[in-house]
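Colleague: no sequence on hand, only this structure:
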């Protein structure tokens, strides 16, 4: 099995050699940062259509975590194009963080289409360093399809716990590695290096639930499921929420 994966992965490297050459020359990251938001704008429309019921279920109890202010204060990490906005409750105050500044123009469009929200600001920062957000200042943190691409899941989750008020909640919806006995797992292993380059640092093979279990939240509600998606490689998912 390992030898077969190595040989097929080598073949993929050869086919994708122009992309890896651009990366070696330091050019690929610049290209990827610019085209990736355009891809995500299209992808999230399809993803939302296929995952709408799961997102409504996941975010259905957000209001349970309204803080003393009486208005839900929500921080979305890795906000992308603002694909989650329509699932948030009316009056919710939303702050967005993303390391890619090229998402901002798409985010502004989503804000205009979701007048039921109170948009606060867009911060260009990585999830591992949200220093512009004060300690204990938000009721809820949300990330969807983000733990797959951060450099350090542990550091990001530490930051999430820092910015959450006591009793606040962290909501997540993430694709993860498939069962090791499945064909999906086999192809994830082969295609991962190319996928990582093509989709701006996205990992096909992460066991994100383990990082969540180690993050020292007081309560963790986590569900594994197969998402009803067209792309087989990203069907294995986890979702749920954790309480500080």
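Modeller: Sure, I can see it. What you see is a predicted model; the values in this text were computed from it and never measured.

Colleague: output the longest helix belonging to this structure.
Modeller: Counting residues, the longest helix in the chain under DSSP state H turns out to be helix 28-58.

Colleague: count the residues that sit near residue 163.
Modeller: Neighbour count for residue 163, taken as other Cβ atoms under 10 Å: 23. Bear in mind the C-beta positions are built from the backbone N, C-alpha and C, glycine included.

Colleague: do the same with the one 4 residues further on
Modeller: Applying other Cβ under 10 Å, we find 11 other residues in the vicinity of residue 167.

Colleague: again, but for residue 48
Modeller: Neighbour tally, residue 48, other Cβ under 10 Å: 14.

Colleague: what kind of secondary structure is the residue nearest to it when sequence neighbours are not counted in?
Modeller: The spatially closest residue to residue 48, leaving aside those adjacent along the chain, is residue 83, at 5.7 Å (Cβ to Cβ, 6 or more residues apart in numbering). Look at residue 83: counting by DSSP: H, G, I helix; E, B strand; the rest coil, its state is coil.

Colleague: need the contact list for residue 83.
Modeller: 44, 45, 47, 48, 110, 144 (Cβ atoms under 8 Å, 6 or more residues apart in numbering).

Colleague: what about the strands in this structure?
Modeller: 73-77, 93-98, 118-124, 138-144, 164-175, 219-226, 236-243 (DSSP state E).

Colleague: so which of those strands is nearest residue 32?
Modeller: Residue 32 sits nearest to strand 93-98 of all those, at 14.2 Å, using Cβ to Cβ.

Colleague: what pairs with the closest one, parallel or antiparallel?
Modeller: strand 73-77 (parallel), strand 118-124 (parallel) (DSSP bridges).

Colleague: highest average neighbour count across those strands?
Modeller: Mean neighbours per residue, mean count of other Cβ atoms under 10 Å, is largest over the strands paired with strand 93-98 for strand 73-77, with a mean of 25.

Colleague: by how many degrees do that strand and strand 164-175 diverge?
Modeller: 40 degrees (axes from the mean of the first three to the mean of the last three Cα atoms, to 10 degrees).
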